[in-house]
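Chemist: Fold the following and give me the result.
(chains A and B)
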Amino acid sequence: MLLVECDQAQDGNWLTHDLFADAALLKPLLKLTGIRKAFGGVQALSDVAFDLLPGEVHALVGENGAGKSTLVKMITGAHQPDAGTIEIAGQAVTDLDPLRARSLGIAAIYQQPALFPDLTVAENIALGFEPPRFWGRVRWRERRERAVRILEDVGARFDPDLEAGQLTMPQQQLVEIAKAVSVEARVLILDEPTASLSDSETEHLFSVIRRLKQQGVGMIYISHRLDELPQIADRVTAFRDGRLVGTSQMAQTNRSELIRLMVGRELAAVFPKTEVPIGEPLLEIRHLSCPEEGVQDVNLTVRAGEIVGLAGLVGAGRTELARVLFGLSPAMAGQILVKGRPVEIDSAQAATALGIAYVPEDRRRHGVILDLSVAANATLARLPALSRRGLLDFAAEAQLANEFVERLGVKTPSVHAPVGNLSGGNQQKVALARWLATQPVLLILDEPTQGIDVGSKAEIHRLMGELVAQGLGILMISSDLPEILGMSDRIAVMQAGTIVGELSRREATQERILDLALGHVAAQGGS
Amino acid sequence: MLRYRRELAVLLAWGALLGLLAVWAPTFFAGDQLRNMLVSAAPVIVAAVGMTLVMLTRQIDISIGSIFSLCGVVAGLLVQAGWPMPLAATISVLCGLLLGLVNGALVAGLRLPAIVVTLSTLVAVRELLRYFREGEFVRNLPAGFQWFGLSQAAGQWVVVASALVIALGAGWGLSCLGGGRAIYATGSDPEAARLVGIRPRRVVLGVFAASGTLAALAALLNDIRFADVDPNAGNGLEMQAIAAVVVGGASVNGGRGTIAGTVLGVLLLSTIGPALVFLHVQPQWERAIQGTVILAAVSFAGHAVLNRRSRGLTTASGGVGTPGQSNSPSSASKSTKPA
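Modeler: A predicted model of the protein is given here:
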């Protein structure tokens, strides 16, 4: 019924205004109630109720890890909820899997398009349409004609015979949308579709979205760009720490209210922050750029005894900046000064020699070698000092390792136990020990307490305090806002590869950090 | 045409080699040299077609040399024992299918790495054959065995035509049948393939079965050229087939490659040996030159991959047989950051 009305409606505004005035009369395309999901003890979603109406764009906002992606995975059938019901077009659906979800008209477009890079655009669209049957003849001409028609529908102007791998990111996104259109998706999920698009590409995407709206397609729109939401969204729902904290009409809310909803948590945890005198600058960065990592024109100073927190959303360029500073991707332009002396850091060895240490983010992949012993891991960065004529001195290795195990309070049966047997927190301490063994002056910590237990977290924070008291400088990357606020003397906020603002410990609040991290583009646009 | 530039490049290289021979050693084209070359290349083409299917799905099958030897000996022994040729041939092909299914089941079912599985079957089958035959040829075959009892000329044409039919059939199936497109999709991105309703593990099982079957067919086409069956006839076949597939433009990371490229790869590589004789180059150079051609081919491919990487799409390593692949659709993206 509704579809017929929508198709007849010539004017999209009529649909959005009049139908939404009677939103209660519309049957939701999608209705979720009491959804819960836990991953290994971490509650990713608790008691979420959510619905999506035909012809509606429903925006989801929240910090990284707030539960938006988990919700999307429930809807696409990639994960099954632990509890709760999912209704699609009024029918309760259990055991949703990706194929079932697709046959029920649910399509998702991720930030990274999931196309077959070696196959043509036409074939990518056709494969989305129906799985190939073994003896089924491939009607190339029919496929091509359909692809041309659908691409035209979404306003894409490129040859359907191109291989998908040759397209640019926005073009690939259009192919994904074309796939969704070709299967006549009723529910379309767009996960940060504009993250890699330019303004004009974004505008084009919006016009496609508006056209789909008129056809009655319901869209879930995830975005960190709060400023673009009023242009496109009808309703907005905010998530925080796995909970849905509020849904409202887009027209009745604004940027600052959304930010308040996204961060409105109590700062309960107490951080063992000790005041230490701030000394001379250890690291000064001026106009640092590295196009390869997407880092541009970064200015930052870290002083002795200081913890500088580097905040920002995932993808803002924080880890990338750390990689540049540690010489993994040498800078292309700009200046780096260590203890006031201009230096060139073109390799990790050079960085280590200058007293820079980097404890990377993904500890299981880059931080420690799980199969090696605690002793071998802790001393890995000091191998030359521990070897005599190329032969390792195992006694010295064990001694050094024991020193650190004691100092950092690593809980391990012995220094010869494999690191893989330790808990996450203790693994992180071993990763830290490895770099402390090089006696650094500047320590870069990338998400130092991610995914570790509360006790170990507090110990690592205490240790950070001790280190700065000894005159080290620490640059701490963290997505955990309370941690940033609790531990940092100064907070630099990154967005789109550059530092968009610095806040002192006193002036920093969760809202101000998030406001900067979400971008200053048309900061008043939301209100 | 741009899509087939790899095939064109190989065709041009082969043409250049033949042109060189036409100018410097026209006698190459005088006798039945060219025909002999085609006849001896025919079995390699058939085996390489199977290898193409396997490599398109990101896998590899190095056991085909042993399967080839075993199936040839089986056919020879059965014919020697008085079985009719068609029945012996059928049983031999079924042997190949069975061994291919074993490979496929281990790779797709148990998710073991293909290189380890097929290396094991390569060695196991080869040593089994050595135990039973002790390197002895199957001799005293009835007259109906060599050239299917036809005249040599007719037999030769049957061999070449069979290889051609198999290659054309496989090429057509790959581009025009749903099953063929599923092979490309699986190799291009197994996770995305799963999401569009293809069952990648079933596809992998299928290509290994096809590879084993085609190795057996190749053995038949090879063995009927001689009066005896050599139990070591297949030694090194896997390397010839892999080399031809790679030279023909298929990606080791799956998803790209064509039968036409593979056939041209076989022709180019198998022309090099005889050409050297006619160009008065010491034949010891054959392997070195073949190696150089293969290196040139993969460098070409590596260059293409680097170009694509800069466009934001790359081919991640691993595949259906790789443990620890997550099932979430977000992992379907092929993007990796170069370390």
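Chemist: Any regions of chain A where pLDDT drops low?
Modeler: Across chain A, the ranges flagged by pLDDT under 70 are A:1-26, A:41, A:265-270, A:364, A:520-527.
Chemist: And it, what are its domain boundaries?
Modeler: What the record gives for chain A is the domain set A:2-105+A:185-263, A:115-183, A:272-355+A:442-447+A:471-521, A:362-439, from automatic domain parsing.
Chemist: quick one: terminal-to-terminal distance for the last one?
Modeler: When you say that, I think you mean domain A:362-439. Using C-alpha to C-alpha, to the nearest Å, one end of domain A:362-439 lies 22 Å from the other.
Chemist: got it, and the second one?
Modeler: Criterion C-alpha to C-alpha; first-to-last residue distance in domain A:115-183 is 15 Å.
Chemist: any chance of the domains of chain A in a markdown table, with distance to chain B and mean neighbour count too?
Modeler: Backbone N, C-alpha and C define where each C-beta goes, glycine included. A markdown table is the format used below for the domains of chain A (distance: least, C-beta to the nearest C-beta, whole Å; neighbours: other C-beta atoms under 10 Å in any protein chain shown):
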| stretch | distance to chain B | mean neighbour count |
| --- | --- | --- |
| domain A:2-105+A:185-263 | 5 | 18 |
| domain A:115-183 | 3 | 20 |
| domain A:272-355+A:442-447+A:471-521 | 8 | 19 |
| domain A:362-439 | 9 | 18 |
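Chemist: between these, which gets nearest to B:V160?
Modeler: Ranking these by proximity to B:V160 (C-beta to C-beta) places domain A:115-183 first, at 28.2 Å.
Chemist: quick revisit: TSV please, covering the domains of chain A and showing distance to B:V44.
Modeler: Compiled in TSV, the domains of chain A are given as follows (distance: least, C-beta to C-beta, whole Å):
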stretch	distance to B:V44
domain A:2-105+A:185-263	41
domain A:115-183	26
domain A:272-355+A:442-447+A:471-521	44
domain A:362-439	42
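Chemist: Which one of those lies nearest to B:G31?
Modeler: Evaluated over those, closeness to B:G31 peaks at domain A:115-183, with 42.7 Å, by C-beta to C-beta.
Chemist: before we move on, the earlier item: what's the closest of the domains of chain A to B:A163?
Modeler: domain A:115-183 (23.8 Å).
Chemist: so where is chain B shaky, pLDDT-wise?
Modeler: B:1-2, B:301-339.
Chemist: all helices for it, in order.
Modeler: Listed in chain order, the helices of chain B (DSSP state H) span B:5-24, B:33-56, B:64-80, B:85-104, B:114-133, B:152-176, B:178-188, B:190-195, B:200-223, B:237-247, B:259-278, B:285-309.
Chemist: of all those helices, which lies closest to A:R210?
Modeler: Nearest to A:R210, of these and by C-beta to C-beta, is helix B:190-195 at 27.4 Å.
Chemist: Can that closest one be said to contact chain A?
Modeler: Yes. Counting by C-beta under 8 Å from any C-beta of the partner chain, chain A is contacted by helix B:190-195 at B:191-195.
Chemist: top of the residues you listed by neighbour count?
Modeler: With neighbours taken as other C-beta atoms under 10 Å in any protein chain shown, the top of the residues of helix B:190-195 next to chain A is B:A193, carrying 27 neighbours.
Chemist: which residues touch the closest residue to A:E87 other than its chain neighbours?
Modeler: Leaving aside its chain neighbours, A:E87 sits nearest to A:K31 (4.2 Å; criterion: C-beta to C-beta, 6 or more residues apart in numbering or on different chains). Contact analysis of A:K31 by C-beta atoms under 8 Å, 6 or more residues apart in numbering or on different chains lists A:50-52, A:86-87, A:90.
Chemist: switch to 10 Å and redo it
Modeler: Contacts for A:K31 (C-beta atoms under 10 Å, 6 or more residues apart in numbering or on different chains) come out as A:49-53, A:85-90, A:92.
Chemist: and it, bridged to which residues?
Modeler: In this entry, A:K31 is beta-bridged to A:D51, A:E87, by DSSP bridges.
Chemist: Kindly reformat the helices of chain B as CSV containing distance to A:V298.
Modeler: As requested, these are arranged in CSV below (distance: least, C-beta to C-beta, whole Å):
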stretch, distance to A:V298
helix B:5-24, 42
helix B:33-56, 44
helix B:64-80, 55
helix B:85-104, 52
helix B:114-133, 44
helix B:152-176, 50
helix B:178-188, 38
helix B:190-195, 35
helix B:200-223, 43
helix B:237-247, 44
helix B:259-278, 47
helix B:285-309, 25
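Chemist: Figure out which of the ones you listed is closest to A:R186.
Modeler: A:R186 lies closest, by C-beta to C-beta, to one member of the helices of chain B: helix B:190-195, at 18.1 Å.
Chemist: Keeping just the C-alphas, turn that closest one into CSV.
Modeler: Extracted in CSV, the C-alpha atoms of helix B:190-195 (Å, rounded to 0.1, in the frame of the first residue of the first chain):
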residue,chain,number,x,y,z
PRO,B,190,36.1,-15.8,-0.5
GLU,B,191,34.3,-13.8,2.2
ALA,B,192,32.4,-11.7,-0.2
ALA,B,193,31.6,-14.8,-2.2
ARG,B,194,30.1,-16.4,0.9
LEU,B,195,28.0,-13.3,1.4
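Chemist: which secondary structure elements does that helix contact?
Modeler: If contacts are counted by 3 or more C-beta pairs under 10 Å, 6 or more residues apart in numbering or on different chains; DSSP states H and E, helix B:190-195 sits against helix A:98-103, helix A:121-129, helix B:178-188, helix B:200-223.
Chemist: Nearest the geometric middle of the chain, what residue?
Modeler: You didn't pick a chain, so chain A it is. By C-alpha atoms, centre = their mean, chain A has its centre lying nearest to A:V314, at 3.6 Å.
Chemist: wait, chain B
Modeler: The residue lying closest to the centre of chain B (C-alpha atoms, centre = their mean) is B:A48, at 1.7 Å.
Chemist: how about that one, what does it touch?
Modeler: B:A48 sits in contact with B:41, B:55, B:64, B:163, B:167, B:214, B:218, B:237-238, B:240-245, B:247-248, B:250, B:259, B:262-263, B:265-266, B:269, where contact means C-beta under 10 Å, 6+ apart.
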